[in-house]
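Peer 1: What follows is a predicted protein model with its sequence.
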Amino acid sequence: MALLQASRPKAPPPPPAPTARRRKLRRSFIGFAFMAPLLAVNILVIAVPATQSIWYSFTDWTGLGPADFTGLDNYRRLFGDPEFRNALWHNTLWTAFFLTVPMAMGLFGAFLLSRIKRFQMLFRVAYFIPYVVATVVSGSIWESLLSPDQGIGNGLADMGLPFLDDVNFLGDPDLALGTVAFVNTWQWWGFLVVIFLASMQAVNPSQYEAARLDGANLWQEFWHITLPAIRPTLMFLGLMTVIWSFLIFDYIYILTQGGPAGSTDVLGTLLYRTAFANQEAGYAASMGVVMGLISVIAVSGFLYLRRRGWDI
Amino acid sequence: MYDSTAQHEPARRLSLGRYATYAVLLLLVLFAIGPMLLFAFNAFKTRSGMADSPLGLPTDPQWHNLLDAWQQANMGVGLRNSAIIVTATALGVCVISSCAAYALSRLNVPGSSAFIYYLLVTTALPLQLFLVPLFYLWSNLRLYDSLFGLIVIYWAVFSPFATLLIRSFMVGLPKEYEEAARLDGAGEWRVFARVVLPMAWPGVLTAALVAGLQAYNEFLLAVTFIQSSDKMPVSTSFFSFKSGYTQDYTLVSAGGLIMVIPVLIAFLLLQRRFIEGYTSSGMTG
């Protein structure tokens, strides 16, 4: 590194040689050589199987042996399937929940943190810790804490919250989905705090000073300065929230496996069961295609609007 | 840990609003850390002790719970497999992604903006879309139920995000150094390995950390592609242990504690690099 100094005088631009085209070709060949490892694993693991999935979604493949082309049968069946609609509805609820509650918590925590000087790092690290804990572990943390007989409900009931006694948070069909969403929120909101905080720290402090001189209160500072300033971050995380909400699998599978009575079933768990337990790989593939389409549409729409100059 | 500018100010008294801010922030810390502490306490209780006082400290620490969980959940084997998987995944993702990021940021590959869009879509694609055909492809290639097979999948799945992350680091690097090296006759490989890579090192290290952590915590692919218990990473061996002992939360807690301690230590040591990777990766637009 020491040999290559930035102050080295620049050479005159090379004369336009007849070999320029060949050099350009050579350069793009080198470029592809550098991309070769990524392309190789990506094609082998993602592109080819994903393309196969699209093909299988038009067949009655069981996962073994031959597959017969059945046209749009799987898709027709999909939209009449109450299990599929149930799962899709839960994904929609999940999206609505994660666009509001964890987002609000993340914004709240980040805004408070952005206003303090001491121990900011320490708080940030503490909030982020649940995010690095594996889903299997955070799942079992909450399974034991929410257990009806050995969990904290009984302890809290003794301390004056009697309605928490013997509640089966994960076993009650009315509570299970909300409980899983709560557990995932616990793990997730600290990540949002960290990202929002970084974005808020880039806001010019003179804007806040000007607002304060105008007599703005805390809420007005947050609403009129912070929120507009971090809008790109907000929109990006909103997009990712929508995508991740339709892909959610781990928490549901680990905590409830879709039960009780389908009350926590989502597209991810339904697909997994259809493919590996019911051995209807072709039908499962059509669910995968629908999930993939949702992601592609979300990403493309977002990028399209950004390219059109939308300030998101 | 706190901001050094605070020391230069005279010992200003904290206003009421500031106390309230710190109080709320502390409550949030309790929300984030409290459940983990209770879980850690449970790991040292007896079963009856846990039922009697789910919120209390362990009065008579049962250290043997850790040993029992270690043996019954096969944690030693799981941790060894996970160490292999994490190391190989992190190294492979680094190599794959930094090469690709170099091509995408420096070599004017034709169609590179379309390829970046493809990578963005890949990171948002459901694993389930390619899971079933991949399962049968891996069975045919004899990569099913093998650590190497799982590692290759992790390379493919984690490298798009890592490539975008490293690329956003490389785009910001000054070009003078590599121009100078090229004039000295260095080939692209030398420019990449000796000039650009050392400067992009923070980004590469962050990508390695993120990929390693994801590989350690990953569940869906591990549970689908590994079957034999002697090849399971710690996440699935802990899960199958947990499923078998659903009522003995003390042992489950002890196993979970064993699984989470390596990550916590690594995170606390490297938290600055780790958090900055997420916040400066350009993923927030």
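Peer 2: That came through fine. Every value quoted in this text rests on a predicted model; they were computed, and no experiment measured them.
Peer 1: quick one, phi psi at residue A:235?
Peer 2: Backbone torsions of residue A:235, given as degrees, to the nearest 10, read phi -70, psi -40.
Peer 1: And it, how far from residue B:188?
Peer 2: From residue A:235 across to residue B:188, the span is 37 Å (C-beta to C-beta, to the nearest Å). Where C-beta positions appear, they are placed from N, C-alpha and C, glycine not excepted.
Peer 1: Equivalent analysis for residue A:111, please.
Peer 2: With distances taken as C-beta to C-beta, residue A:111 is found 46 Å from residue B:188.
Peer 1: same question, residue A:133
Peer 2: When C-beta to C-beta is applied, the distance between residue A:133 and residue B:188 equals 41 Å.
Peer 1: With neighbour numbers in mind, choose between the two.
Peer 2: residue A:133 (23 against 20; other C-beta atoms under 10 Å in any protein chain shown).
Peer 1: contacting residues for the residue nearest to that one when sequence neighbours are not counted?
Peer 2: Using C-beta to C-beta, 6 or more residues apart in numbering or on different chains and skipping the chain neighbours, the partner closest in space to residue A:133 is residue B:260 (5.5 Å). Counting by C-beta atoms under 8 Å, 6 or more residues apart in numbering or on different chains, residue B:260 touches A:133-134, A:137, B:36.
Peer 1: Equivalent analysis for residue A:46, please.
Peer 2: Residue A:46 is in contact with B:122, B:125, B:130, B:156-157, counting by C-beta under 8 Å, 6+ apart.
Peer 1: Could you measure from residue A:146 over to residue A:133?
Peer 2: Distance from residue A:146 to residue A:133, by C-beta to C-beta: 16 Å.
Peer 1: picking that back up, under a three-state scheme, what state does the residue nearest to residue A:133 occupy?
Peer 2: Taken by DSSP: H, G, I helix; E, B strand; the rest coil, the conformation at residue B:260 corresponds to helix.
Peer 1: OK, contacts around the residue most central in space within chain B?
Peer 2: The residue lying closest to the centre of chain B (C-alpha atoms, centre = their mean) is residue B:213, at 1.7 Å. Contact analysis of residue B:213 by C-beta under 8 Å, 6+ apart lists A:132, B:263, B:266-267, B:274.
Peer 1: so where does it fall, helix or strand?
Peer 2: Using DSSP states H and E, the element containing residue B:213 is helix B:201-217.
Peer 1: what about the nearest residue to residue B:279 once chain neighbours are set aside, which helix or strand?
Peer 2: Nearest residue to residue B:279 in three dimensions, chain neighbours excluded: residue A:198, at 3.6 Å (C-beta to C-beta, 6+ apart). Taking DSSP H and E as the definition, residue A:198 sits inside helix A:176-201.
Peer 1: for that helix, the distance to its chain's centre please.
Peer 2: 11 Å (C-alpha atoms, centre = their mean, to the nearest Å).
Peer 1: which helices and strands sit right next to it?
Peer 2: Helices and strands touching helix A:176-201, as assessed by 3 or more C-beta pairs under 8 Å, 6 or more residues apart in numbering or on different chains; DSSP states H and E, comprise helix A:82-114, helix A:120-132, helix A:135-145, helix A:231-247, helix A:250-255, helix B:16-42, helix B:249-279.
Peer 1: can you give me the angle it makes with helix A:82-114?
Peer 2: Orientation of helix A:176-201 against helix A:82-114 (axes from the mean of the first three to the mean of the last three C-alpha atoms, to 10 degrees) gives an angle of 40 degrees.
Peer 1: What's the first helix or strand after helix A:176-201?
Peer 2: For helix A:176-201, the succeeding helix or strand toward the C-terminus, using DSSP H and E, is helix A:205-213.
Peer 1: helices or strands next to whatever helix or strand comes next after that following helix in the packing?
Peer 2: Sequence-wise, the next helix or strand downstream of helix A:205-213 (DSSP H and E) is helix A:218-221. Judged by 3+ C-beta pairs under 8 Å, 6+ apart, the packing partners of helix A:218-221 are helix A:205-213.
Peer 1: Out of the contacts of residue A:46, which are close to chain A?
Peer 2: Among these, the residues lying close to chain A (C-beta under 8 Å from any C-beta of the partner chain) are B:122, B:125, B:130, B:156-157.
Peer 1: Which elements pack onto the next helix or strand after the helix holding residue B:213?
Peer 2: Remark: after helix B:201-217, the chain's next helix or strand is helix B:220-225, criterion DSSP H and E. Contact analysis of helix B:220-225 by 3+ C-beta pairs under 8 Å, 6+ apart lists helix B:127-140, helix B:147-171, helix B:234-244 as its packing neighbours.
Peer 1: sorry, back to before: the helix holding residue B:213: which residues count as buried?
Peer 2: Buried residues in helix B:201-217, counted by 16 or more other C-beta atoms under 10 Å in any protein chain shown: B:203-217.
Peer 1: now stretch A:85-102
Peer 2: For stretch A:85-102, burial by neighbour count (16+ other C-beta under 10 Å) applies to A:87-88, A:90-91, A:94-95, A:97-98, A:102.
Peer 1: of all those, which comes closest to chain B?
Peer 2: Chain B lies nearest to residue A:91 out of these, by C-beta to the nearest C-beta, at 11.2 Å.
Peer 1: That closest one against residue A:269, yeah?
Peer 2: No - if you go by C-beta atoms under 8 Å, residue A:91 and residue A:269 don't touch, sitting 10.4 Å apart.
Peer 1: Show me the shaky parts of the chain.
Peer 2: Picking chain A for this. For chain A, the stretches flagged by pLDDT under 70 are A:1-18, A:311-312.
Peer 1: oops, I was thinking of chain B
Peer 2: B:1-14, B:245-247, B:280-285.
Peer 1: Just tell me which of the helices and strands packed on helix A:176-201 ends up closest to residue A:31.
Peer 2: Comparison of the helices and strands packed on helix A:176-201 against residue A:31 by C-beta to C-beta identifies helix B:249-279 as nearest, at 25.4 Å.
Peer 1: Look at the residue nearest to residue B:279 and say how many residues are nearby.
Peer 2: Burial of residue A:198 is recorded as 20 neighbouring residues (other C-beta under 10 Å).
Peer 1: That one against residue A:230, yeah?
Peer 2: No - contact between residue A:198 and residue A:230 fails when scored by C-beta under 8 Å: they sit 9.4 Å apart.
Peer 1: which residues does the closest residue to residue A:212 other than its chain neighbours contact?
Peer 2: Distances taken as C-beta to C-beta, 6+ apart place residue A:221 nearest to residue A:212, at 7.4 Å, with adjacent residues excluded. By C-beta under 8 Å, 6+ apart, residue A:221 lies in contact with A:208, A:211-212.
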